[in-house]
Structure formats: structure tokens, C-alpha cells
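Asker: Kindly return the folded structure for what I paste below:
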Amino acid sequence: MHDERRRIEERAERLHTQRIKTAVYAATVPLTVEAWQAPGEPVPFEEAAAASYEPFAMDTPWGPPWGTTWFRMRGQVPAEWAGRRVEAVIDLGFVGDWPGNQAEALVHLTDGTPLKAVNPLNQYVAIANPATGGEEIDYLVEAASNPDILANNFSEPTPMGDILTAGDKPLYTFRRADLAVLDEEVFHLDLDLQVLRELMVHLGEHEPRRHEILHALDRAMDALDLDDVSGSAAAVREVLAPVLAKPAHASAHTVSGVGHAHIDSAWLWPIRETKRKTSRTFSNVTSLADEYDDFIFACSQAQQYEWVRDNYPKVWARIQESVKKGQWAPVGGMWVESDGNLPGGEAIARQLVHGKRFFIEHFGIETKGVWLPDSFGYNAAYPQLAKLAGNEWFLTQKISWNQTNKFPHHTFWWEGIDGTRIFTHFPPVDTYNARFSGEEMDRAVRNYQEKGAGTRSLAPFGWGDGGGGPTREIMERARRLADLEGSPKVVVEHPDDFFAKAREEYPDAPVWNGELYLELHRATYTSQARTKQGNRRSEHKLREAELWATTAALHAPGYAYPYEKLDRLWKTVLLHQFHDILPGSSIAWVHREAEAEYARVAKELEELTAEAVTALGGGAARVFNTSPFDRAEVVRTAEGAPTYVEVPASGSAPLAAAESPQAVTVAGRVLDNGLVRVEVAEDGTLASVRDLRAGGREVLADKGNLLRLHTDLPNYWDAWDIDKHYKNRYTDLLDADSVAVVEEDPLLGAIRVERSFGKGSKLTQTITLRAGSPRIDFETDIDWHEAEKILKAGFPVDIRAPHSSAEIQFGHIQRPTHTNTSWEAARFEVSGHRWVHIAEPGYGVAVINDSTYGHDVSRTVREDGGTTTRVSLSLVRAPRIPDPEADQGRHRFVYSLLPGASIEDAVAEGYALNLPLRVADSAGTPEPVVSVAGEGVTVEAVKLADDESGDVVVRLYESRGGRAQGVLRTGFPLAGAQVTDLLERPLEDADVEAGTVPVSLRPFQILTLRLRRG
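Answerer: Sure thing, here's the model as predicted:
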């Protein structure tokens, strides 16, 4: 046989794209269109319905950036279309095929009922099937003219990311608004050809099946009448039917498909637009569910459900009905799909609590898995947190984006830092926006790494990132691929069903221990520093407000615990932990609003804490300690005078001077408090730090607190990525404008260093040493005006550390300081929370911070044979895409060097730096709500139970990485105690002995106790 592949493939491609696709709609008539441009922000339907509309012609430019234009569309179905399937087809002037980052619209009836959204590959609105003829059409269409921030493939900065800078030039040209007859035979022929042509080209050239399909296509094209595509479509399909009917191989891989519409709660659009995106996508999904009984849609993010419930009650009602039918599957059990590294441990617990509780309360469904397809790495506390929230499985696919190493598993058990394991799956299709294309199905099978042990994988399908969701074309593909020779078998099913089957067939799946580190997007630990600082401060202020509100509720008659306010504020913070807000990868508008929201949250929490403290009774000044550790340190009175105080953990004490430790001396540029001696060089760096408790040991191997300004232009994804080559070009900031002593007191000494550098940037640091503490603070104030730079603060420590320890959620993780393999080398920038610790036997040093997350730890050997382990904190970046002004302006933060530190010291000082002692007038002297005796047993949260029963809930964890025994005492009569899950549901009774609760914890174990008051 002669090889005619090229002729046949080109013939099939041309006839398919030029003749068959263009014949899907058999007849059209235009709708009459009028328009009204809404002024400013989006308006309610009622206001738009009452507006005055002007005639609008096709091919007219419309839509300023971030604007809203309402279109009124009217028409009548022609009588001769009776018996046909009639649809409205609307093309707003779409650019490309991605629905998330351009014009979008929601079609309403005139009574305000949302029908369906239109976007590039989903332009229709069903009218009648079959039509009777004469149907009157009257739609109000809310169209959003969102700019294409991804234009030019992120190659240059754009002002379009903020309504304040985007201008008002129309972005789109309206192309089409028609009534049309859908030729169902041609529609299905189009799908037959798509599936067969794509399957064919991804089969090997040696495969008989490929050639069978090829020649069937040739015969099918012979049957096509080019003058009557519609009339010959059935005959063409008959030719193709035999090759579409051949069943899949018995050993074919199974792809479990589930509908999906990843909607970033903010990214290249602001939160206000996401609220509208949810209504559009969810309208489409419920419409598709009405059309396809076998369709199942998985949807996470309780926050987005709440937006629809509050703003689109008719769409909400349709969702509830789809859930009842089993076609809509709430998944994930989190408030939003948060970042996986940066939120604090308690915040991730609350993500799970608020998410799962929402689905239980509104649908009677307890979700079974964590659904995080797009976050930028996953901390090693997740397995335990997920299990404690009642989850059985975990899903992501983002690790497939690794820059260097291919992750070795697709189905596996993920083991966390405490030893908890959770069944985990990475879809080998390597996308959460699958369309069941031939390329995707080929990749899913070829890529799957569990062959020989497992036989199935998951494929979330539908347009996503900016929403859109599944389409009827994708569902038709799934039906054709259900049992087709040469393809994996596609079954549409609930994720719970997939995970149950996968676990049943592969119970002994391999184990991955520790974090799921993404070898990409490492700059998300640092970008948009004010957003990150807002999150860190909010988390700690929430802890503070809950503790003192609980204290007041127990001890202040008449005080009412602010359940509703705390719930609302927590949800605001949880929303802003979304995986494109907190990481700093959104447009300017998003981060501008985030900073304003964090300021509002801080103000409200300050007021709540002040109200609680005041409720304890006015009087003399007291010092309040929110930290879970006893504190003895210097605070300032209301007049600013330093005072040395001692305050119990989670308690308070009078603002009265305790017995002072050795005084601080200041001699030139040398600070000495008897514990450490710090010498500041003329250039403002640290020339020496000696630990006087360790025989005068020199801590530093070279200049300490060396500020290094690196060129920082990654290959792509500016706000997301820091590429390894950033290390190759830098300037050390060694020119100080001034170095001067600014405070000299027996309780503290401080030296201020001022610098100017770069493109007009200024930096002021106050280096402070306090009596009684070896901690050296660097209070930093930067006026930042750099572009495509990153500023790091480095501490070269004279320690041979085989690994570093960085705080993560409810514990810490160890990472090697060597680069023996590509896996270690790829971790050239990592994340941590409040502290990083390095040590050799007998001595350790910690670097502590109050707002940053990114850092690197490296190790070199000096000529003298000693080893230098350098810890460098990433302080601030200056990416220009997608926000061209990212991080510009003022930044204030503190980081610290803690010589001679153990892990326990690092934990305690991390809390201390992030939870400053509070001075307030209060006559009350209540005992701490709870106190714990036992090293390593650390209190993370104290609150009243969410069910408003008055029970006290305490969350503890083991913080050192070893076994811990302790005793919890209460500052109130204790009637009983229960161990609960994160949702505060009882798991078992806890022992109560003489009014105390004995506590026994394994390394990094989290324990939630519910305490019943007597």
C-alpha cells in the first residue's frame, strides 16, 4: 500500500476546519441590540434594567478597561425554524480561547434570572429544543470588559492591572449577536472528527489502529457533499461509526474525569470581578448539568459559594438542586484554595474549619479531601492538618511544574513531619483544565508513573483559572472516549469515588516524606512584602484578640465574646491567603485593596483586644503577654521609658520593674549586655558578635547583616520566580550615610545606620540590644525605588551546619545545606515562618523575623579550614509584571540575630518578636486561661468554642521535634475535657486529674482540647 498519510491528514484537516465547523449553525438571524455603559463599578440588575439604552451596531468598539456594559438583545424565532434546536450566539469580540482574562458576559431574563454566561468557546444560550417558531427573545446581558493582562505573553509591564491607571479606551469590538439553528448532526460530526483526528496523530506510526482511522477519515470525506454539508453529515457519521465503536483494550488506563472550573479568587482581576466570575461559571455549570445527566462537577472554595449565595440567590438555588442530584460535588473543604507555604498553622486549620463547616451547614456534605491543584508548593504539616479535619485524600498537580526534577510518583502516601500519612494523587494529565484532547489523553498514559501497580488517574476537566468551566463539547469528547480503542477509558465520576478505587487497587503506594517543594515560583515567598506583612500581623492579632476575649468572657461579668466579629475577620484574612494574593502574584489593584483590608482588620482587632482588656477593669497599667512562653524583657511605658518586666505565658503582670539584669553598655559602636557583645563596623555591618555565655565565642565568620542588592530578572513569571542566576550579579551595600548611637540606657542600647543606594532608595536600620536578652534586633525602614532587584540580609555564621531548620506550620522542617543532588541544589530559595535555625553539636544560632518568608542557607569552607554557614533573608523584591509598581515605597519590619540558640529558644523568640508585649490600663488580675508545664508543649490558640456553648478550646502542639509530656492547668473551674478534631467535634474524652489535663505528644503532634467549664 502506498503511503498517503499526508494527503489524507491534510484533506481531513481542511474539510473539517473550513467546511464542517462552519456549518454547525445552519441558519441565523441577527438580534436587535441596544447598549448602556454603566458608570464606574458594576451595578445591580435592577439599576441596569431601569437604565436608558441606545441602539448598538455590530463591529462597534465597546468596553473601557474594567468597565461594565449592559446590552439589551431582542428577537423572534422565525416560524420556519419550528422543530429545530435554536440558540442565541453572542461574540463580544473575544480574543483567543481563554475565558478568564478578557471580555465575559452573563445573560439574564428581563426578570433578573441569570441564564448562562458566554465566553470564547461557549458562546451560545439555549432557547428552545425543539422550537415552535415565534418565540420572543428579550435578554439583558451584563458584559465585563476586563483587559488581557497576559497580552504579549507577560513580556512587558502593563498599566492595565489597576482601574486607576488603565485608561478608558475601548478594548473590544462586538462581533455577533444572532439567533441560530444548531445543526445537531453537523455538531456531532464535528466532535467525531475532533476525537478521531486527535487520537490518530498521537498513536505511533507503526500502530494498525492509526492507519485504520486514517483510511476511515478518507472514506468519510468521500461521503461529504461540499454543497450540502448538513444533508450529508449523517452519511459521513455512518462511515466513522465503526471506528468509533471499537472498544478500548482490556488493559487500557482509566481516566476519571470530573468537571472543574478553577476560579482564582483574585489574580489578573480584582475580588469584585471574581464575585461576578463565580456567577457566570456556576450558571454555565448548572445549565450543563441540566443537559447531561452523566455530568459531575467538583467545586472547592467555600468563599466563592458564599459570594454566589449572597449576590446571586437564583444561581445559588440551582447549585443546591445540582448537589441534591449528585451532579455537583463540593470538594476541598477550605475557605479558599490558599497558598500552601505562607499561611500560619492556625490559619490553615481555620481554612479547613470554615470550609468544611460551610459545606456541612449548607449542603449536609462533609468533604473528604483537600483540593489544591494550583498552589506553589505544600508544607509538611498538611497531612496531619488534613486528617485532623476529617479528610482522607489530598490532590494537587502543581509539582508537575518543577523546573529541575520530575516528581517520582502520581499516586502515593504523603507523610508529614509528625508521621501522619494521607493518600495523595497528582493527575498525570498535568493540568486542572483538561479538555480530553488527544494530546492530553496520550500524556496522561505516557506520564503515569504507577504503571504495573495502579491503573487509573484523575483529570479535572473544564476551562479554568478565570473560570469558564466545562462545555458540552468536552462532555461529548468524554462520551466518545468512554470505551474507544487506542485511548484510555474515560469515566466521569466524583473525586471521592476515584480516590476510593485508587486506594483499593494500590494500598501499598510509595511514601513521600516531608514538604512538597515546588521547584519554581520561589519568589512568591517574598514578592509584595506589604501583603505578606499584613497577613503575618493579622494572624498574630487574631490570636491576641481571641486570647484576651476569652479571658474577658471568663472573668469580666457582662462581657460578650465577639463571635460574629472574629468569624468575619478570620474569613477576611483567609480570603487574602488565596494562592495568588498572599504570594504576591496578582495585579496592582488586588494588592492595593489587600493592604487596605489588612489595615482595616488590624484596626478592628486592636479595638477588640482593647475592649477585652478594658472589660477586665480599669486601673494601673499592666503588661499582657499573648505568647505561650513566660517573658522577661524590656518594654516601654506609655511615656516611652524602658522598663524590665516579667510576665507569665498567656497572662499579665503589673507594669512594675522586675529585678534588672546586667546593664547594657555602649562604647563607641560596641553594645554589650553581659550576654553578647556586638561591634558595628564603620560601614554599618556587624564586625563582630561575641557570645559571652560561650566563653566569648565569635559568632560571625565575616561581615554580618550584610545587605546585598541582587539583579533579579527571572526567565519568566517575574512576580513568581527567582532564578538561580540572580546570585551572579550583586552589589554589597557598604556605603553608610551615617552610623550613630541613638539610645544609651541601662536597659537598652541602639545604633542607627542610614544608607542611600540604587535609584533613590533609602534604608534606615536601628540595631538594638536589650538587657537580659542575647537577641539583636534590626528595626528596618526602607523607602524602596528599585526595579528588578532583590535585597537580602546575610549572616555568615561560623558554624558547620549539616542542615538548617525553618519554622513551618506547627513545627519545623530540616533542609540539607549541601547540594549533593539536583534535589538539594534546586532548593536555592526556600520558605520559613518566624525563624531559621542552624547548629553544630553544642551551639546554634537563629535568625528571626516578623514578616518575611523567603530565605536561603548555603555552606562554604574557608581557607582556615572552618565552615561558614550563611543565612540570608529575602527582604524585598521589585518585579514589574503583573504589577509594574510592585513593592515600591515604604517598608518597615524587624529581623533579629539570636546567638547561642536552641530550637526551643528560636520558637520562644519567634513568638516574642511577632507578639509584642501589650501595655494597657487594667485592674483585673485574672489567671491565664490555660498554662502548660512541660517542655515542648506549646499553646497555639485559645478561644471559645464556635458553637457558643461557652466551652474553651485550646490547640497545642509539640514544637521541638521530640516527645513531650506536660500538664495543662486552667484559670477557671474545669468540669471535663475532650480531645476534638479541628472542627471541635469530640474524638475521645481526655483525662482530668485534680483539675488538670495530662498531655502526651509525639513529635510535632497537634492536639485540640475542648474544656468544659465548671
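
Asker: so what's residue 972 closest to, chain neighbours aside?
Answerer: Among residues not flanking residue 972 along the chain, residue 554 sits closest, at 5.2 Å (C-beta to C-beta, 6 or more residues apart in numbering). (C-beta placed from N, C-alpha, C; glycine too.)

Asker: how far out from the middle of the chain is the host helix or strand of that neighbour?
Answerer: Element membership for residue 554 (DSSP states H and E) is helix 529-555. The chain centre lies 21 Å from the centre of helix 529-555; the measure is C-alpha atoms, centre = their mean, to the nearest Å.

Asker: same check, this time on stretch 80-90
Answerer: In terms of C-alpha atoms, centre = their mean, the centre of stretch 80-90 is set 43 Å apart from its chain centre.

Asker: try stretch 918-933
Answerer: That offset, for stretch 918-933, works out to 36 Å (C-alpha atoms, centre = their mean).

Asker: What average pLDDT does the helix holding residue 554 get?
Answerer: Across helix 529-555, the average pLDDT comes to 98.

Asker: That one packs against which elements?
Answerer: Contacts defined by 3 or more C-beta pairs under 8 Å, 6 or more residues apart in numbering; DSSP states H and E place helix 529-555 against helix 345-363, helix 563-575, helix 588-615, strand 867-877, strand 889-899, strand 937-944.

Asker: and the angle from that helix to helix 588-615?
Answerer: Helix 529-555 and helix 588-615 are oriented at 20 degrees to each other (axes from the mean of the first three to the mean of the last three C-alpha atoms, to 10 degrees).

Asker: what angle separates helix 529-555 from strand 889-899?
Answerer: Going by the same axes, to 10 degrees, helix 529-555 makes 70 degrees with strand 889-899.

Asker: distance between the ends of stretch 731-738?
Answerer: 19 Å (C-alpha to C-alpha, to the nearest Å).

Asker: Now do the helices in the stretch 801-950 of the chain.
Answerer: 822-825, 903-914 (DSSP state H, counting those that start in this stretch).

Asker: nope, the stretch 351-500 of the chain is what I was after
Answerer: Here the stretch 351-500 of the chain has its helices, by DSSP H, counting those that start in this stretch, at 382-388, 438-447, 472-480, 495-505.

Asker: Give me whichever of these is most buried.
Answerer: Ranked by mean neighbour count, the helices of the stretch 351-500 of the chain are led by helix 382-388 with a mean of 24 (mean count of other C-beta atoms under 10 Å).

Asker: Can you name every helix or strand that that helix contacts?
Answerer: helix 345-363, strand 369-371, strand 393-395, strand 411-415, strand 421-425, strand 1006-1013.

Asker: What's the local residue count around the closest residue to residue 721 other than its chain neighbours?
Answerer: Nearest non-adjacent residue to residue 721, counting by C-beta to C-beta, 6+ apart: residue 714, 3.7 Å away. Residue 714 has 21 neighbours, counted by other C-beta atoms under 10 Å.

Asker: One more: residue 184?
Answerer: 14.

Asker: Which residue is the nearest non-sequential neighbour of it?
Answerer: residue 85 (5.9 Å).

Asker: what pLDDT does that neighbour get?
Answerer: On pLDDT, residue 85 comes in at 97.

Asker: ok, and which of the helices and strands packed on helix 382-388 has the densest surroundings?
Answerer: strand 369-371 (a mean of 27).

Asker: just checking, what packs against it?
Answerer: helix 382-388, strand 393-395, helix 495-505.

Asker: Next, format the ones you listed as JSON lines and append mean pLDDT.
Answerer: Below are these laid out as JSON lines (pLDDT from 0 to 100):
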{"stretch": "helix 382-388", "mean pLDDT": "98"}
{"stretch": "strand 393-395", "mean pLDDT": "98"}
{"stretch": "helix 495-505", "mean pLDDT": "98"}
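
Asker: can you give me how far stretch 622-638 is from the chain middle?
Answerer: How far stretch 622-638 lies from its chain's middle: 34 Å, per C-alpha atoms, centre = their mean.

Asker: for stretch 111-131, that is, sorry about that
Answerer: On C-alpha atoms, centre = their mean, the centre of stretch 111-131 falls 32 Å from the chain's centre.

Asker: Same check on stretch 956-967?
Answerer: 29 Å.

Asker: Stretch 726-736 - what's its average pLDDT?
Answerer: pLDDT averaged over stretch 726-736 gives 98.

Asker: Going forward, the N-terminal residue is numbered 28.
Answerer: Happy to do that; since the first residue is 28 now, the last one works out to stretch 753-763.

Asker: Buried residues in it, which are they?
Answerer: Neighbour-count burial for stretch 753-763 flags 753-754, 757, 760-761, 763 (criterion: 16 or more other C-beta atoms under 10 Å).

Asker: Could you point out which of the helices and strands packed on helix 556-582 sits nearest residue 122?
Answerer: Residue 122 lies closest to helix 615-642 among the helices and strands packed on helix 556-582, at 20.3 Å (C-beta to C-beta).

Asker: what angle do the closest one and helix 590-602 make?
Answerer: Going by the same axes, to 10 degrees, helix 615-642 makes 150 degrees with helix 590-602.

Asker: Tell me the helix or strand right after helix 615-642.
Answerer: strand 648-651.

Asker: List every C-alpha atom in that next one, with coordinates, as CSV.
Answerer: Extracted in CSV, the C-alpha atoms of strand 648-651 (Å, rounded to 0.1, in the frame of the first residue of the first chain):
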residue,chain,number,x,y,z
ALA,A,648,-1.0,49.8,83.9
ARG,A,649,-0.4,46.1,83.2
VAL,A,650,1.6,44.1,80.7
PHE,A,651,-0.2,41.5,78.6
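
Asker: so what does it touch, helix or strand wise?
Answerer: strand 669-674, strand 679-681, strand 945-948.

Asker: So which of the helices of the stretch 828-977 of the chain has the densest surroundings on average?
Answerer: By mean count of other C-beta under 10 Å, the helices of the stretch 828-977 of the chain have helix 930-941 as the most buried, with a mean of 22.

Asker: Ramachandran angles for the most centrally placed residue in the chain?
Answerer: With distances taken as C-alpha atoms, centre = their mean, residue 606 lies nearest the centre of the chain, 2.0 Å away. Dihedral angles of residue 606 (phi, psi; degrees, to the nearest 10) stand at phi -80, psi 10.

Asker: check contacts around it.
Answerer: 291, 363-367, 399, 401-403 (C-beta atoms under 8 Å, 6 or more residues apart in numbering).

Asker: where does it land on pLDDT?
Answerer: 98.

Asker: Distance check, it against residue 401.
Answerer: 6 Å (C-beta to C-beta, to the nearest Å).

Asker: what sits in contact with each of these two?
Answerer: Counting by C-beta under 8 Å, 6+ apart, the shared contacts of residue 606 and residue 401 are 291, 364.

Asker: Make TSV from the helices and strands packed on helix 556-582 and add distance to residue 1040 and mean pLDDT to it.
Answerer: Formatted as TSV, those follow (distance: least, C-beta to C-beta, whole Å; pLDDT from 0 to 100):
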stretch	distance to residue 1040	mean pLDDT
helix 372-390	22	98
helix 590-602	16	98
helix 615-642	18	97
strand 894-904	44	98
strand 916-926	38	98
strand 964-971	10	98
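
Asker: which stretch among these comes nearest residue 530?
Answerer: helix 372-390 (20.5 Å).

Asker: gap between that closest one and the chain center?
Answerer: The mean C-alpha position of helix 372-390 is separated from the chain mean by 15 Å, C-alpha atoms, centre = their mean.

Asker: elements contacting that helix?
Answerer: For helix 372-390, the elements it packs on are helix 329-338, helix 340-352, helix 409-415, helix 556-582, helix 590-602, strand 964-971, strand 979-985, judged by 3+ C-beta pairs under 8 Å, 6+ apart.

Asker: got a markdown table for those, with distance to residue 852 too?
Answerer: Output for these, formatted as a markdown table (distance: least, C-beta to C-beta, whole Å):
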| stretch | distance to residue 852 |
| --- | --- |
| helix 329-338 | 38 |
| helix 340-352 | 47 |
| helix 409-415 | 25 |
| helix 556-582 | 26 |
| helix 590-602 | 35 |
| strand 964-971 | 34 |
| strand 979-985 | 32 |
